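> Okay, predicted coordinates and the sequence, questions at the end:
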Amino acid sequence: MPTRTARTAWTGGLNDGTGRVELVSSGLATYDVSFPRRTAEAADGTTSPEELIAAAHSSCYAMALSGIIGSAGGTDIALDIQADVSIGPDPAGGLRLTGIVLTVRGRVEGLDAAGFEEAANAAKVGCPVSKALTGVEITLDAALES
């Protein structure tokens with residue numbers, strides 16, 4: 001199985017420094033990062049580890065859910081997954097992830113609401129990113145749409 005790589009170049013101190021995160025494996029993008037923007041309400045054109053984790057989690061979860069729906073005999077017409085990753089103070093010092101909320105809306109043929117909810121919960125547990133983040137509380141809000 002492949003290994004994927006990202007790299008960050010950082011200049012300066014924590015509060016006055018800046019960095020650039022490069023998606024090396026795909027070569028698709030390079031993003032600015034900044035600690036003050038990481039902990040501010042407005043990102044102002046910079047990303048953060050939490051946003052990158054949210055991107056990884058929502059895309060991994062979408063793939064896992066799609067596979068589980070197919071295995072259950074359903075066909076996904078459209079899945080919309082949002083991951084909200086929160087950060088806060090760590091009682092041991094520094095910062096920590098304080099929670100992740102996965103919000104899933106799906107249009108699916110061949111599964112009723114209970115079957116969709118079962119698939120959604122199985123994907124939450126089975127997604128490799130969810131497995132990597134077991135130290136963080138992950139909550140799920142899943143619903144079928146017509």
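Arrived safely, thanks for sending.
> Which stretches in this structure count as strands?
Listed in chain order, the strands of the chain (DSSP state E) span 6-11, 18-23, 30-33, 75-89, 95-109, 138-144.
> same question for the fourth one, mean pLDDT?
Yep, that's strand 75-89 we're talking about. For strand 75-89, the mean per-residue pLDDT is 96.
> Show residues contacting it.
38-39, 48, 50-51, 53-55, 57-59, 61-62, 65-66, 69-70, 95-110 (CB atoms under 8 Å, 6 or more residues apart in numbering). C-betas here are computed from N, CA, C, even on glycine.
> still on that earlier bit, can you redo the strands of the chain as CSV with distance to Ala132?
Converted to CSV, the strands of the chain look like this (distance: least, CB to CB, whole Å):
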stretch, distance to Ala132
strand 6-11, 15
strand 18-23, 18
strand 30-33, 20
strand 75-89, 13
strand 95-109, 11
strand 138-144, 11
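> Mind checking these for the one nearest to Ala120?
Shortest separation from Ala120 across those is recorded for strand 138-144, at 3.6 Å, computed as CB to CB.
> Partner strands of the closest one and their direction?
Partners of strand 138-144 in the sheet, by DSSP bridges, are strand 95-109 (parallel).
> would you put the C-alpha positions of the strand it pairs with in CSV?
Provided in CSV are the C-alpha atoms of strand 95-109 (Å, rounded to 0.1, in the frame of the first residue of the first chain):
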residue,chain,number,x,y,z
LEU,A,95,-3.7,22.3,22.7
ARG,A,96,-5.6,19.2,21.8
LEU,A,97,-8.5,18.2,19.5
THR,A,98,-11.6,18.5,21.5
GLY,A,99,-14.1,16.8,19.2
ILE,A,100,-15.1,16.0,15.7
VAL,A,101,-18.7,16.2,14.4
LEU,A,102,-19.4,14.3,11.2
THR,A,103,-22.6,15.6,9.5
VAL,A,104,-23.9,13.3,6.7
ARG,A,105,-26.7,13.8,4.3
GLY,A,106,-27.4,11.2,1.7
ARG,A,107,-29.7,10.4,-1.1
VAL,A,108,-29.6,6.6,-1.4
GLU,A,109,-31.6,4.0,-3.2
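> related to what we said a few turns ago, any chance of the strands of the chain in CSV, plus mean neighbour count?
Below are the strands of the chain laid out as CSV (neighbours: other CB atoms under 10 Å):
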stretch, mean neighbour count
strand 6-11, 12
strand 18-23, 16
strand 30-33, 16
strand 75-89, 15
strand 95-109, 17
strand 138-144, 16
